[in-house]
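> coords please:
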Amino acid sequence: MGSREKILSALGTARNRGFEVELSFPILSFGDRVCAFVENLKKAGGESIVVEGELSKILAREVGDADSVVDTTSILYGSFSYKKGEEVDVAILGADLAVAENGALWIDTEDRYPRSLLTLARKIVVILEEDAIVDTMHQAYERVDFSKVSYALFMSGPSKTADIEQSLVFGAHGAVAMTAVLIPSKRA
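Now for the predicted structure:
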């Protein structure tokens, strides 16, 4: 057993011991999760569109006259091709979960596309059903099955940093822009 396996085994043993944690603060609850999500995503530098009309037309507007588009959802284009490391103007992705308290979207590649796409795309457009928005990160973590995740992240707005002379800069480590497209949930 190598050192990596020893460390992972020790972490697994420590994690499985079990202990009770008592939360001593009130859990956030938003009356309108969609509104809270939209507001907090905007604070993080992202944009959102609540779909009223045809989704493909909204996506076409978001894409505009971009030269290279990778549509992993196949809504605009029947299929997509992307070579690892290739620069992309717009990437269209799907998300299964979002958090109202911080405007974050859970992006799980599920091996559908290379993770480099999340970093190299200049603009990211994420499609999400409104009912997939939860109030807090606590609730989000309860919904994620980490045993099935190879690579995923919470993304709240475009890439940003304030390390450079304490000035906020967008696109320093990834996308310059991010838009969440919220579609009405499919009701049974």
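> can you pull the contacts of the most centrally placed residue in the chain?
Nearest to the geometric centre of the chain sits Leu105, at 3.2 Å (Cα atoms, centre = their mean). For Leu105, the contact set (Cβ atoms under 8 Å, 6 or more residues apart in numbering) comprises Ala95, Leu97, Ala98, Val99, Val126, Leu128, Phe154, Met155, Ser156, Ala180. No exception for glycine: its C-beta is placed from N, CA and C like everyone else's.
> The third one: what's it in contact with?
Ala98 makes contact with Phe37, Ala104, Leu105, Trp106, Leu128, Ala132, Ile133, Val134, Ala180, according to Cβ under 8 Å, 6+ apart.
> again, only this time at 7 Å
Phe37, Ala104, Leu105, Trp106, Leu128, Ala132, Ile133 (Cβ atoms under 7 Å, 6 or more residues apart in numbering).
> just the buried members of those residues?
For these, a burial check counting by 16 or more other Cβ atoms under 10 Å picks out Phe37, Ala104, Leu105, Trp106, Leu128, Ala132, Ile133.
> Could you spell out the sheet neighbours of whatever helix or strand the fourth one lives in, each with its direction?
What it means is Trp106. Assigned by DSSP states H and E, Trp106 belongs to strand 104-108. Using DSSP bridges, strand 104-108 pairs in its sheet with strand 97-99 (antiparallel), strand 152-155 (antiparallel).
> nearest to Tyr113, of those strands?
Nearest of the strands paired with strand 104-108 to Tyr113, taken as Cβ to Cβ: strand 152-155 at 12.4 Å.
> Any idea how far the lengthiest helix in the chain is from the middle of the chain?
Criterion DSSP state H: the longest helix present in the chain is helix 3-15. Centroid displacement of helix 3-15 relative to its chain, using Cα atoms, centre = their mean, to the nearest Å, is 29 Å.
> got the angle for the helix or strand that that helix is followed by vs strand 104-108?
Beyond helix 3-15 in the direction of the C-terminus, DSSP H and E gives the next helix or strand as helix 33-43. Interaxial angle of helix 33-43 relative to strand 104-108 (axes from the mean of the first three to the mean of the last three Cα atoms, to 10 degrees): 90 degrees.
> what's in contact with helix 33-43?
Contacts of helix 33-43 (Cβ under 7 Å, 6+ apart): 30, 48, 50, 98, 100-103, 130, 133, 135, 156-157, 180, 182.
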